[in-house]
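Visitor: show me the folded form of this:
(chains A and B)
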Amino acid sequence: MADLLQNIYFGFAIALQPVNILYCFLGVLIGTLVGVLPGIGPNAAMAILLPMTYKLDPIPAIIAMAGIYYGAMYGGSTTAILVNIPGEAASVVTTLDGYKLALAGRAGPALGMCASSSFIAGTISVAGLILVAPPMARFALEFGPPEYFSLIILGMLLLIYLSTGSVPKALAMAAFGMMLSVIGTDIITGRARFHFGIPALMDGLGIIPIIMGLFGISEVFVNLERKIKATNPQSFNIGRLLPSLQDWKDSKWAILRGTLIGFVLGVVPGGGAIIASFSSYAIEKKLSKYPERFGQGVMEGVAGPEAANNSATGGAFIPALTLGIPSNAVMVMILATLMVHGVQPGPLLIKNHPELFWGVVTSMYVGNVMLLILNLPLIGLWLQILKIPYRIMFPLIILFCVIGVYSINNSIFEVNVMIAFGAIGYIFRKAGYEGTPIVLAFLLGPIMENALRQSLIMADGSLLIFLTRPLSALFLITALLIVIISMIPFVRQRRDLVGREGSKSA
Amino acid sequence: MNEGKFVAGEQIIGLVLAVLGVAIAFGGMTLGLGDANLPGPGFFPLIAGLALTIFAGVVLWDTKGKDRATEWLKEWAHIRWKHILLTFASLIIYANILESVGFIIGTVLVLMVLFRSYESEIWVLTILKSALISIIVYIVFEKVFQLNLPQGILGF
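Guide: Prediction:
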């Protein structure tokens, strides 16, 4: 316990350094901005802004990236309530009751409740992260290659079965991602694989051009399909931002439940903010004494999901920071940021870079405070920004993407890769194939391959090693259970009711 | 949410992926599978390729019996696909002339194309916007963020 307090103190000492405060502020500001603007999701924004963190030290870089993530969760609710347009996919649920509350003249309290429940959830989930991550990392140090292999299989299966859309397609996308990860030089033997004589491919495809192509550029293509109508935010009298005592009484359990749901779903691969917010709404409706009022302007319908989507961001950091396994595309980018800065993700991260872990985690609390204070006064500003036409935005987005990719290695080849993946991502999307499994599998592919080959070397060729080691067997059996359970028709129907990760078009 | 709407698309992509999977699997076998206790560089590609082909196959199997082309064409009628194609083409050209003409000129050109292709407007406005944005972005990224933007023959 004393250790924990010492670490927290240590973390705050880092988080409160001026440079880290600055980048935390920039991160949450940009995140809120991105959350407010329809047409850019947190995925695309983080992809675009990642290159701007290159010249920074790793700590401010991660602090900024994390800030963008949970900042976007705060920002998305503002437009959801005021304009009935979700700023990003996790805020879709907030439009249901939030906009109705605004129409009923309660825009102020609704916004206030969003910010407050997000803050409460954010604080609790950071606390959860602080309590769970270090023991989990210590536990993970016991993992050998077989455990890693089985865990990754489990993680990828969870991701696939928890995402909506067709399962075989998601599996195909994961296989596609694994295939892409194979291009380059084989670590174990040094042989070049599938580089087709192009020197630039000897190091493999970069994860950043792929991410920026699949999420940044292809998103632009999707949005160019039809002319986006300009948003004309109806001016609501916002007035007092404090929710009433009755609002608090109604929402307190929703907030707590939302926080818990969000946290758990954030940890699980394939979970994340979107599923969390949808689940919270569904649960609040089920548990309510007046379910028929949901959709007409019920405060819990806003408080619960907002708590859930914020808390999910905290939870998502756990597997990423303790195991090096991302649970969604955003975490892939956080891990990519770490790798770009020379920090190796995995169970040793907390041990080898305590200042990074504790600094980032405590700064998430700082960020939540900033967002609570920032959000409400700046609403007028956000509304003005909504008026920027997409005609101006999309060339800027493209420009930032190109600059971003070019500045990694001064390589036009990588820019071409990004554009190619923009096209590939767009075409895949039109056919219903999603991009998230691709990048997840691309990141995990090398880890998985190494784990598999090392395990076989260790086991002298016997596949039984995955089952004779208890942890590995546990992971594989759980994976099998998931496959079986997901085939039950009842569960299949439930899956289709829940939201989809990734793209903004909900 | 695209389920059922793009069956033809699903099939085309599914087919492409299945073929790709087979190609990679073969490539893997060429690279050498090694032994069971010392897997070679071709081992994982073989697995990935087979997985891809199998899953793509499942997708294709699921599409049998669904109505295809008509629905697909109807969707495309509403989409400004020419615009998307134009944007894509201009991006490719932009990327590949960047290092010869330099960032500012290249960006001004591509911005003009992108602005005009979205909606028509008076030329003066286009040139002004493109030039202004290119220069501001150049200053911010080259000087403030200290990144190295492509320099053309003219040195900027």
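Visitor: where does the stretch 201-350 of chain A dip in pLDDT?
Guide: A:228-239, A:271 (pLDDT under 70).
Visitor: apply 90 and report the result again.
Guide: The model of the stretch 201-350 of chain A has pLDDT under 90 over residues A:201-209, A:211-253, A:265-301, A:309-310, A:313-314, A:323-334, A:336-337, A:339-350.
Visitor: near chain B, which residues of it are found?
Guide: Proximity of the stretch 201-350 of chain A to chain B, by C-beta under 8 Å from any C-beta of the partner chain, involves residues A:217, A:220, A:221, A:224, A:225, A:226, A:227. For every residue, glycine as well, the C-beta is placed using N, CA and C.
Visitor: ok, which pair from the residues you listed is furthest apart?
Guide: Based on C-beta to C-beta, the longest span within those runs between A:217 and A:227 and measures 19.1 Å.
Visitor: between those two, who's got more neighbours?
Guide: Between residue A:217 and residue A:227, counted using other C-beta atoms under 10 Å in any protein chain shown, the more crowded position is residue A:217 (31 against 14).
Visitor: next, count neighbours for the spatially closest residue to that one that is not a sequence neighbour.
Guide: Nearest residue to residue A:217 in three dimensions, chain neighbours excluded: residue A:422, at 2.8 Å (C-beta to C-beta, 6 or more residues apart in numbering or on different chains). The tally of other residues near residue A:422 (other C-beta under 10 Å) stands at 26.
Visitor: quick one: secondary structure of residue A:422?
Guide: Look at residue A:422: counting by DSSP: H, G, I helix; E, B strand; the rest coil, its state is helix.
Visitor: what sits up against the one helix or strand residue A:282 maps to?
Guide: If you go by DSSP states H and E, residue A:282 is part of helix A:273-287. The contact list for helix A:273-287 (C-beta atoms under 8 Å, 6 or more residues apart in numbering or on different chains) reads A:73, A:89-94, A:96, A:162, A:254, A:257-258, A:261-262, A:265-266, A:291, A:294, A:300-301, A:304-313, A:497-501.
Visitor: please identify the buried residues of that helix?
Guide: Under the neighbour-count criterion of 16 or more other C-beta atoms under 10 Å in any protein chain shown, helix A:273-287 has A:273-285 buried.
Visitor: which secondary structure element is home to residue B:52?
Guide: Following DSSP H and E, one finds residue B:52 within helix B:43-62.
Visitor: that helix packs against which elements?
Guide: Using 3 or more C-beta pairs under 8 Å, 6 or more residues apart in numbering or on different chains; DSSP states H and E, the elements in contact with helix B:43-62 are helix A:167-182, helix A:436-458, helix B:7-31.
Visitor: go through these and pick out the most buried.
Guide: For the helices and strands packed on helix B:43-62, average neighbour numbers computed from mean count of other C-beta atoms under 10 Å in any protein chain shown are highest in helix A:167-182, which has a mean of 26.
Visitor: quick one: the strands in chain A?
Guide: Using DSSP state E, the strands of chain A run over residues A:184-185, A:192-193.
Visitor: what about chain B, any weak spots by pLDDT?
Guide: Applying pLDDT under 90 to chain B flags the ranges B:1-15, B:27-44, B:58-83, B:98-106, B:114-130, B:133-156.
Visitor: centroid-wise, who is the farthest residue in it?
Guide: residue B:37 (39.3 Å; C-alpha atoms, centre = their mean).
Visitor: is that one in contact with residue A:457, as I believe?
Guide: Yes. Contact criterion C-beta atoms under 8 Å: residue B:37 and residue A:457 qualify, at 6.2 Å.
Visitor: can you name the residues that contact residue B:41?
Guide: Per C-beta under 8 Å, 6+ apart, neighbours of residue B:41: A:186, A:188, A:189, A:191, A:193, B:31, B:32, B:34.
Visitor: so it belongs to a strand, correct?
Guide: No. Residue B:41 is assigned coil when assessed by three-state DSSP, not a strand.
Visitor: can you give me phi and psi for it?
Guide: phi -70, psi -20 (degrees, to the nearest 10).
Visitor: for it, which non-adjacent residue is spatially closest?
Guide: residue A:186 (3.9 Å).
Visitor: ok, residue A:402 next?
Guide: Nearest non-adjacent residue to residue A:402, counting by C-beta to C-beta, 6+ apart: residue A:415, 5.7 Å away.
Visitor: with residue A:316 instead?
Guide: Among residues not flanking residue A:316 along the chain, residue A:266 sits closest, at 4.2 Å (C-beta to C-beta, 6+ apart).
Visitor: equivalent analysis for residue A:339, please.
Guide: Per C-beta to C-beta, 6+ apart, closest to residue A:339 is residue A:345, 7.1 Å.
Visitor: next: residue A:365.
Guide: Nearest residue to residue A:365, sequence neighbours excluded (C-beta to C-beta, 6+ apart): residue A:126, at 4.9 Å.
Visitor: isn't the one you found right next to residue A:367, touching?
Guide: No. Look at residue A:126 against residue A:367 with C-beta under 8 Å: they stay out of range, at 9.2 Å.
Visitor: what touches both of these two?
Guide: Counting by C-beta under 8 Å, 6+ apart, residue A:126 and residue A:367 have no common neighbour.
Visitor: okay, these two: which has more neighbours?
Guide: Legend: neighbour count by other C-beta under 10 Å for residue A:126 and residue A:367, higher for residue A:367 (30 against 23).
Visitor: circling back: dump the buried residues of helix A:273-287 into a markdown table; add distance to residue A:401 as well.
Guide: Conversion of the buried residues of helix A:273-287 to a markdown table gives the following (distance: C-beta to C-beta, whole Å):
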| residue | distance to residue A:401 |
| --- | --- |
| A:273 | 23 |
| A:274 | 23 |
| A:275 | 27 |
| A:276 | 28 |
| A:277 | 28 |
| A:278 | 29 |
| A:279 | 33 |
| A:280 | 33 |
| A:281 | 33 |
| A:282 | 36 |
| A:283 | 38 |
| A:284 | 38 |
| A:285 | 39 |
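Visitor: can you give me every residue that contacts the residue nearest to residue A:339?
Guide: Here residue A:345 is in contact with A:320, A:321, A:324, A:335, A:338, A:339 (criterion: C-beta under 8 Å, 6+ apart).
Visitor: how much space separates the residue nearest to the spatial centre of chain A from chain B?
Guide: Central residue of chain A (C-alpha atoms, centre = their mean): residue A:330, 3.6 Å from the mean position. Computed as C-beta to the nearest C-beta, to the nearest Å, the residue A:330 to chain B distance reads 21 Å.
Visitor: show me the contacts for the nearest residue to residue A:346 once chain neighbours are set aside.
Guide: Once flanking residues are discounted, residue A:346 sits nearest to residue A:324: 4.0 Å by C-beta to C-beta, 6+ apart. Each residue near residue A:324 by C-beta under 8 Å, 6+ apart is listed here: A:335, A:344, A:345, A:346, A:347, A:349, A:447.
Visitor: distance check, residue A:324 against chain B.
Guide: According to C-beta to the nearest C-beta, residue A:324 and chain B sit 19 Å apart.
Visitor: can you check residue A:331 too?
Guide: Going from residue A:331 to chain B by C-beta to the nearest C-beta gives 22 Å.
Visitor: ok, now which ones touch the closest residue in space to residue B:20 that isn't next to it in sequence?
Guide: Spatial nearest neighbour of residue B:20, chain neighbours left out: residue B:52 (6.4 Å); criterion: C-beta to C-beta, 6+ apart. Contacts for residue B:52 (C-beta under 8 Å, 6+ apart) come out as A:172, A:175, A:176, A:178, A:179, B:17, B:18, B:20, B:21, B:24.
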